[in-house]
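Undergrad: Let's see this in three dimensions:
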Amino acid sequence: CHTSGMLTPNGKEYAQKIPREELTHLILKLLQAWKEPLSHFNQHIEHHQELPDDSLSKAKQISNMVHELKTGVEKSMGIISNSLNGMASSEGPGLSISNEANMMSDSDFIHCFRRDSNKVQSYLKILKCRIMPENSC
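TA: Numbers count the residues shown, from 1 in each chain. Purely as a prediction, here's the structure:
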């Protein structure tokens, strides 16, 4: 997976120990890392005419959801997207990450995306519980 080099906590217990700001930053880094590969993936599958229209629609929907989630996390946590974008563009591995994602098979791509989206979902649940502990977390 192109995001394998990112340091992410293994397991819920470790993620719970990370300060809120760092966990939020990690969520945004994961979402940012998928922005370009998802765009390329959408372009790639549009050329597969044997795919049903609902598959194409689902792929576009996923890309839009990632974008909306990133925007929502930035707004709700008060993080300025420029700081993340600046950091992502200044990191050396940024270019190789997207190139590696573009070279993956479709099944590997989907596997990696599912893995990272599960991480994001878990991290968001942890943040939600920290912000609103009354939700019986």
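
Undergrad: what sits against residue 38?
TA: Residue 38 is in contact with 59, 62-63, 66, 113, counting by CB atoms under 8 Å, 6 or more residues apart in numbering. Any C-beta I mention is one placed from the backbone N, CA and C, and that applies to glycine too.

Undergrad: Now stretch 14-33: buried residues?
TA: 15, 18, 23-33 (16 or more other CB atoms under 10 Å).

Undergrad: Revised request: answer the last question for stretch 63-72.
TA: 63, 66, 69-70.

Undergrad: Among the residues you listed, which one lies nearest to residue 126?
TA: The closest of those to residue 126 turns out to be residue 69 (CB to CB; 15.4 Å).

Undergrad: ok so, going back, out of the contacts of residue 38, which one sits closest to residue 37?
TA: If you rank those by distance to residue 37 using CB to CB, residue 113 comes first, at 8.1 Å.

Undergrad: how near is that closest one to residue 59?
TA: Applying CB to CB, to the nearest Å, the value for residue 113 to residue 59 is 10 Å.

Undergrad: Which members of the contacts of residue 38 are positioned in helices?
TA: 59, 62-63, 66, 113 (DSSP state H).

Undergrad: Which of the residues you listed scores worst on pLDDT?
TA: Ranked by pLDDT, the ones in helices among the contacts of residue 38 bottom out at residue 59, which has 71.

Undergrad: Next up, the contacts around that residue.
TA: The contact partners of residue 59, by CB under 8 Å, 6+ apart, come to 38, 41-42, 45.

Undergrad: List the ones among the residues you listed that fall in helices.
TA: Reading helices off the contacts of residue 59 with DSSP H, I get 38, 41-42, 45.

Undergrad: which of those residues count as buried?
TA: For the ones in helices among the contacts of residue 59, buried by 16+ other CB under 10 Å: 38, 41, 45.

Undergrad: Turn those into CSV, including distance to residue 121 and pLDDT.
TA: Converted to CSV, these look like this (distance: CB to CB, whole Å; pLDDT from 0 to 100):
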residue, distance to residue 121, pLDDT
38, 16, 83
41, 20, 79
45, 23, 70
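
Undergrad: Sounds good, over and out.
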